[in-house]
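1. I'll drop the sequence and a predicted model, then ask my questions.
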Amino acid sequence: MIGKNFGSKKETSIIDISSPYFLAPVDRPRQNFVGDNLLRDGNYSDWKSEMTNALFAKNKIGFVDGSMPTHVNDSPHLMNWKRCNAMVHRWLISSMDKEIKGNFKYTITTFDIWIDFEERFDKESAPRAHELRRTITTIRQEGMTFSTYYTKLRSVWMKSSR
């Protein structure tokens, strides 16, 4: 519930927990959803997978994929949009290696950051996919149990198919 005082009147609005504008009391700007997997050169696919899952779980994926439109100045949702965009912006910045985060501090929308990521880091995917496919062909079971071998093989295959 958000309350605003206007003189003697109190205006109250409620943001539904299923709304993309809802922020839980536990949501903090410096939350890190990717652990030690901070975005750096060479790990974009893994980072993107973890970050996408986290943003989807928080109902904020629309802020980065463009499905949550930016509101104009006279929109009643403008302040909620700005607040959530700022939170997602900090989450993204908190999930980057220090050499990368300086490039994005002053980007306004999280959608712009996400597009920039695609342009900068997704180019790694062709050589990386080739390397992973080569790894798949050279993995040998040797002394591993079938379960361990299958898990390792599948992990490499899943990385190459992203």
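-> It's in. Numbers count the residues shown, from 1 in each chain.
2. so where is this protein shaky, pLDDT-wise?
-> Counting by pLDDT under 70, the chain has low-confidence residues at 1-13, 123-129, 157-162.
3. what about Trp81, how many neighbours?
-> 19 (other C-beta atoms under 10 Å). Where C-beta positions appear, they are placed from N, C-alpha and C, glycine not excepted.
4. Which helix or strand contains it?
-> helix 78-94 (DSSP states H and E).
5. Against which helices or strands is that helix packed?
-> The helices and strands touching helix 78-94, judged by 3 or more C-beta pairs under 8 Å, 6 or more residues apart in numbering; DSSP states H and E, are helix 44-57, helix 61-65, helix 110-121.
6. Next up, the contacts around the residue lying closest to Asn59 once chain neighbours are set aside.
-> Counting by C-beta to C-beta, 6 or more residues apart in numbering, Asn59 lies nearest to Pro20, which is 5.2 Å off, once chain neighbours are set aside. Going by C-beta atoms under 8 Å, 6 or more residues apart in numbering, Pro20 touches Asn59, Lys60, Gly62, Phe63, Met68, Cys84.
7. CSV for the residues you listed, including neighbour count and distance to Leu78?
-> Output for those, formatted as CSV (neighbours: other C-beta atoms under 10 Å; distance: C-beta to C-beta, whole Å):
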residue, neighbour count, distance to Leu78
Asn59, 18, 19
Lys60, 23, 17
Gly62, 17, 16
Phe63, 26, 14
Met68, 22, 13
Cys84, 25, 11
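8. Which of those residues sits closest to Gly143?
-> Using C-beta to C-beta, Lys60 comes nearest to Gly143 of these, at 44.7 Å.
9. Pull the contacting residues for the closest residue to Leu23 other than its chain neighbours.
-> Distance criterion C-beta to C-beta, 6+ apart; nearest residue to Leu23, sequence neighbours excluded, is Met87 at 6.1 Å. Each residue near Met87 by C-beta under 8 Å, 6+ apart is listed here: Leu23, Asp27, Pro29, Lys60.
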